[in-house]
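1. Everything below, folded, please.
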Amino acid sequence: MRSLMAAFLCFMTAAEAFVHCKQNSRTLGLRSVAFFRSEGVLWMGEGTEEKAAPLVTGEQLEIMLQEWDTPLVVDAYATWCGPCLLMAPEFEAAASELKGKVRFVKLDTDKEEAMAARLNIMGLPTLLFLDKYAPKEGEENVGARAVLKGRIEGALRKQNILDLVEHHFFEGPAPKMM
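-> Predicted coordinates for the structure are as follows:
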């Protein structure tokens with residue numbers, strides 16, 4: 001028991017040592033890393049600068065689906081999910097590159113369980129590619145409706161995300177990812 005406690009304290013001390021990591025840290029090979037203690041749990045996050053892919057609530061996502069202006073990519077994730085944390089900087093980089101053409105947002109499935117259930121999120125991370133419903137000729141448009149152009153589960157690299165966006169929204173070729 002003592003060795004377990006000693007190992008835990010050593011881990012906590014090592015994790016806290018990374019709180020003040022600088023940009024382009026060679027030690028971890030990440031742009032920015034910070035460990036925070038929240039209710040006894042360590043989790044990884046980035047700084048507070050404005051994101052190209054902001055975190056949204058279920059209500060905010062619902063509003064976005066009513067006020068269409070560009071296609072929407074939703075990253076359904078959880079703070080405890082390792083693959084989600086690995087994909088986060090890749091998703092942000094893709095969002096930065098396509099800013100103004102495609103809207104990127106992140107949805108925390110632990111905080112927004114009802115919306116995650118509505119979106120049928122079963123695995124993490126899940127990317128949803130949503131576009132505005134275009135009514136067919138003679139069909140009445142009954143409010144804004146979303147069309148799910150695609151969904152994929154699992155961590156992706158920036159280029160894979162860009163290829164999927166090109167395919168789903170701009171009639172690009174089907175990506176060769178796996």
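
2. how near is L148 to K158?
-> Look at L148 and K158: by Cβ to Cβ, to the nearest Å, they are 22 Å apart. For every residue, glycine as well, the C-beta is placed using N, CA and C.

3. Of these two, which one has the most company?
-> Taking other Cβ atoms under 10 Å, L148 and K158 do not tie; K158 has more neighbours (17 against 12).

4. Wait, that one touches A94, no?
-> Yes. Here K158 lies in contact with A94, judged by Cβ atoms under 8 Å, at a distance of 4.9 Å.

5. ok, now which ones touch the nearest residue to C81 once chain neighbours are set aside?
-> Closest residue in space to C81, ignoring its immediate chain neighbours: L124 at 4.6 Å, by Cβ to Cβ, 6 or more residues apart in numbering. Residues in contact with L124, defined by Cβ atoms under 8 Å, 6 or more residues apart in numbering, are A76, Y77, A78, C81, P83, C84, T109, E153.

6. Check the spacing between the first one and P89 real quick.
-> Separation of A76 from P89 (Cβ to Cβ): 17 Å.

7. re earlier: am I right that the residue nearest to C81 falls within a helix?
-> No. The assignment for L124, made by DSSP: H, G, I helix; E, B strand; the rest coil, is coil rather than a helix.

8. how far away is it from E166?
-> Distance, L124 to E166, by Cβ to Cβ: 24 Å.

9. returning to that earlier point: A76 and P89: which has the busier surroundings?
-> Per other Cβ under 10 Å, whichever of A76 and P89 has more neighbours is A76, with 26 against 15.
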